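> have a look at this prediction, sequence included:
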Amino acid sequence: MLSAFQGLCGCELYVRAVQTGHAIIMQEFTADLKHRMRGVWRDAELVDPNTHNNKLATYHSWFAIPFSRNERMPINVPRYLYLDLSKHVMRNVSRFRLRAHTLKFEAAAWLEDGSCVCDQCPGEDEHVQNEVHALLICQDHRVCELEKHFSFLFTPFFEDFSATQPFLLQQVNNQLVHNSLFQQNNRLFIFLSELMDLFVVGRDQSAADQPNNLAEGHPPL
């Protein structure tokens, strides 16, 4: 049992309290435990999701709700889970946020000889098809039509994005991506669901059944 205290800032204090039969202040212990659990996210801050296929880094950079600086505060739940959305929209948004989808960057991790290159963009330029590519960069005509319809969601965040040019020509700052995905507009979730529909149509839906392994930060087995 004492080994369970390893990695906590007050490890020696807690071990001594158990050995001597003294009480442990639960508020301090809980905050210490949360700090240890958050260590995996502190490590994820050092990884760029644009260059590494790492679920933890992707979630942390683009989708995670920031922790409160007060480690005694409860963890917030994503806002879309409180909304009156259809099961289909809920499922699509969750798949997009948790990288439980068939975008090429993810599929390449569990398909032999899988390619990360977007198979929907026109032209000869090769772009990695990840979440940000689907969201802001892909120039497929169907994606562009959808982006035009929902351009008001992104024009406040990206100067080069507009209804006349509903895509960006280069990678964008991870913080801007995060900010755009946490705007207080409920239609964002409708857009994300329809975007997912465009990218997964005709593809193997068994990807939804692939193990996500988000907590471990590993690609599906």
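Received it, and whenever you're ready, just let me know what you need.

> ramachandran coordinates for residue 63?
phi -120, psi -20 (degrees, to the nearest 10).

> how many residues are close by it?
For residue 63, the neighbour count with other Cβ atoms under 10 Å is 19. To be clear about C-beta, it is placed using only N, CA and C from the backbone, and glycine gets the same treatment.

> how about the closest residue to it other than its chain neighbours, what does it touch?
Closest residue to residue 63 apart from its sequence neighbours, by Cβ to Cβ, 6 or more residues apart in numbering: residue 97 at 4.5 Å. Each residue near residue 97 by Cβ atoms under 8 Å, 6 or more residues apart in numbering is listed here: 59, 63, 78.

> can I get these in CSV with distance to residue 6 and pLDDT?
Compiled in CSV, those are given as follows (distance: Cβ to Cβ, whole Å; pLDDT from 0 to 100):
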residue, distance to residue 6, pLDDT
59, 26, 88
63, 30, 92
78, 32, 92
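
> distance to residue 171 added to those, as TSV?
Converted to TSV, those look like this (distance: Cβ to Cβ, whole Å):
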residue	distance to residue 171
59	18
63	17
78	25
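
> what residues of the helix or strand where the residue nearest to residue 63 lies count as buried?
Element membership for residue 97 (DSSP states H and E) is helix 87-98. Residues of helix 87-98 classed as buried: 89, 92-97 (neighbour count, 16 or more other Cβ atoms under 10 Å).

> separation between residue 184 and residue 191?
Per Cβ to Cβ, to the nearest Å, residue 184 is found 14 Å from residue 191.

> could you do residue 80 as well?
From residue 80 across to residue 191, the span is 12 Å (Cβ to Cβ).

> what's near enough to touch residue 117?
Neighbour list for residue 117: 104, 126-129 [criterion: Cβ under 8 Å, 6+ apart].
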